[in-house]
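# A structural model of the following input is requested.
(chains A and B)
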Number of protein chains: 2
Amino acid sequence: MDDKLASWNGGSAKQAIVEFIERTTTPGGPDYLEPAERVATFDNDGTMWIEQPLPVQLDFIFRSLAAAAQRDSSLAEQQPYKAILEQDEEFFAAVGQQQPEAIMSLEKALAANWHGTKPSEFDAEVLRYLEGTKSEKFDKPYTELVYKPMLELFDLLRANEFRVFVCSGGGRDFMRVIAESAWGINKEDVIGTAPQYEYKDGELRRTDEVLGGIALGPGKPEHIFATAGRLPTFAGGNADVDIEMLESAKFSILVVHDDDEREFAYTAAAEKSVAAAEQQDWTLVSVKNDWKMVF
Amino acid sequence: MDDKLASWNGGSAKQAIVEFIERTTTPGGPDYLEPAERVATFDNDGTMWIEQPLPVQLDFIFRSLAAAAQRDSSLAEQQPYKAILEQDEEFFAAVGQQQPEAIMSLEKALAANWHGTKPSEFDAEVLRYLEGTKSEKFDKPYTELVYKPMLELFDLLRANEFRVFVCSGGGRDFMRVIAESAWGINKEDVIGTAPQYEYKDGELRRTDEVLGGIALGPGKPEHIFATAGRLPTFAGGNADVDIEMLESAKFSILVVHDDDEREFAYTAAAEKSVAAAEQQDWTLVSVKNDWKMVF
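Sure thing, here's the model as predicted:
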């Protein structure tokens, strides 16, 4: 089983992962789980791909809202457009730390921005953005900056009849554009903050309602249960907004970003989750020590 | 491919189904669909199992609400409790025809009835009901009154890399209790009208909110897109409340209940869907003529 995790160094993290999968899939063992029960859920930003200097979706959102304010000058004096146009550091910091109020204010602007949009129109905007944007540090498109060790872990889980879901506070429909090609995850296994659509005259169009609330903090297990019908067996995250998801799972890993050379080193918005990991015996995954390669 | 549909008579319905699956899964053909795109969705009551004299879930709901009114006499004078206790035929007819207002009034009573309930508590109530209830006509539990030809169709679709979802106006969480054992459908592939849950102190409990509206009429493609991320390739239904789902699919079948001997013969709440099937070239499936056996 180890050789499927070729990009992982030997060590306690790799060992804990392999042991958990072995004991939940060995028939007759005390911890055996029927295949139907094997649900694995992973955060996106910082767990599956880079989130520095800014989560990819926030960059996309800021650009889209700035463009809207340039088209319609009446927006330029309103929040969050004003903060975005003025590059207000305090606002960006609050959003970067995924503070629920800041995220919710953004979500409202987004709902207005894309009200009436058809799925095909939104998908095209996301694709244009991803094709035209690169990470400055790595000079590569974001879809090439997915963590290879995590993709190997997904394959190992699937080989053991787990279904792998992504669960992010970011937009479900943004992630669905790339989930199949970049992550090997079908659209139906993408969980995130999402608009409500209206079906009329044979077309789906976005309303300005958010479906089931923001998928952050307690919203993660709420959205996971709504989608999967059960809480996770295996969960992975990297931030304070993942704590409830990680505590709702039987086995949890927490990615620690401590490698400024090959990726980024930061602890912002992750302090509480590291403390929770120690208390609740989650498996810490150090980018620096546990991963042979990052991308 | 035909021999997987052993309970189907040869004829235009079986032929149309097999031809559609063949042309969407033959690589290089003009109608070929990538596996990720192969999403099949089916209504539950009257499409997957019997819905006469009353959809199973309505019987469950009426019994639960009647029991609540017996425990709390202040409810007995309120609707819909009053109509249920008095066996008000007009109310039952409106609900039986899945009239959105009647369904919504019931949903509200249900939300109050199960407010604060944990998933395990609700599941136990559903199991107690199903174990203690039989169809009068067939003297069998409802979980044994699933249409065998439809289960064969699901297997044929899965063998051709379609994912099979159920999409019902009925309660998602009721269906999830039996989906895996009776239908071979994982909980995450069950779409229906659903409560919003709140995650707090490590537990999920029902709120009194309905998540994303009732999954009837236009609500079906809305819920399907929310869950699956795409509209269906293949859809099956049997009633007017399925029209929008069937028109949103590339290929649709409509089950016609015309066999009073082996099942039930009725046209109520299905007249418009039969007319739409003729206009839009959906495949009609006659229980009497197209199915060799029903259960």
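# Quick check: chain neighbours aside, which residue is closest to whatever residue of the stretch 1-150 of chain A ends up closest to chain B?
Chain B sits closest to A:Ala36 of the stretch 1-150 of chain A, with a gap of 5.2 Å, by Cβ to the nearest Cβ. For glycine as for every other residue, the C-beta is placed from the backbone atoms N, C-alpha and C. Using Cβ to Cβ, 6 or more residues apart in numbering or on different chains and skipping the chain neighbours, the partner closest in space to A:Ala36 is B:Glu180 (5.2 Å).
# Just give me the neighbour total for the one you found.
Using other Cβ atoms under 10 Å in any protein chain shown, B:Glu180 has 18 neighbouring residues.
# Which residue would you name as the spatial centre of chain A?
A:Asn44 (1.9 Å; Cα atoms, centre = their mean).
# can you pull out the strands in the stretch 51-200 of chain A?
A:163-171, A:190-193, A:195-200 (DSSP state E, counting those that start in this stretch).
# out of the ones you listed, nearest to B:Leu5?
Closest of the strands of the stretch 51-200 of chain A to B:Leu5 is strand A:163-171, at 27.7 Å (criterion: Cβ to Cβ).
# Given that closest one, what are its sheet partners and their directions?
When sheet partners are counted by DSSP bridges, strand A:163-171 sits next to strand A:39-42 (parallel), strand A:190-193 (parallel).
# can you redo the strands of the stretch 51-200 of chain A as a markdown table with mean neighbour count, distance to B:Gln87 and mean pLDDT?
Below are the strands of the stretch 51-200 of chain A laid out as a markdown table (neighbours: other Cβ atoms under 10 Å in any protein chain shown; distance: least, Cβ to Cβ, whole Å; pLDDT from 0 to 100):
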| stretch | mean neighbour count | distance to B:Gln87 | mean pLDDT |
| --- | --- | --- | --- |
| strand A:163-171 | 25 | 44 | 96 |
| strand A:190-193 | 25 | 43 | 97 |
| strand A:195-200 | 19 | 36 | 97 |
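# wait, which of the ones you listed is closest to B:Ile214?
Checking those against B:Ile214 by Cβ to Cβ gives strand A:195-200 as the closest, at 12.7 Å.
# so what does the top helix by length along chain A touch, helix or strand wise?
Longest helix in chain A, counting residues (DSSP state H): helix A:56-71. When contacts are defined as 3 or more Cβ pairs under 8 Å, 6 or more residues apart in numbering or on different chains; DSSP states H and E, helix A:56-71 packs onto helix A:81-85, helix A:100-113, helix A:119-131.
# Give me the buried positions along the last one.
Along helix A:119-131, these residues count as buried under the neighbour rule (16 or more other Cβ atoms under 10 Å in any protein chain shown): A:Pro119, A:Phe122, A:Asp123, A:Glu125, A:Val126, A:Tyr129, A:Leu130.
# what sits against the closest residue to A:Lys140 other than its chain neighbours?
Nearest residue to A:Lys140 in three dimensions, chain neighbours excluded: A:Lys134, at 6.0 Å (Cβ to Cβ, 6+ apart). Residues in contact with A:Lys134 (Cβ atoms under 8 Å, 6 or more residues apart in numbering or on different chains) are A:Lys140, A:Pro141, A:Tyr142.
# my read: A:Ala13 touches A:Asp290, true?
Yes: A:Ala13 is within contact range of A:Asp290, at 4.6 Å (criterion: Cβ atoms under 8 Å).
# can you map out the helices along chain A?
A:12-25, A:56-71, A:81-85, A:89-96, A:100-113, A:119-131, A:148-159, A:172-178, A:219-228, A:243-247, A:271-280, A:287-290.
# and of those helices, who's closest to B:Gln99?
Nearest to B:Gln99 among those is helix A:219-228 (26.3 Å), distances taken as Cβ to Cβ.
# how about the residues of the stretch 51-200 of chain A near chain B?
A:119, A:163, A:176, A:180, A:186-190, A:194, A:196-200 (Cβ under 8 Å from any Cβ of the partner chain).
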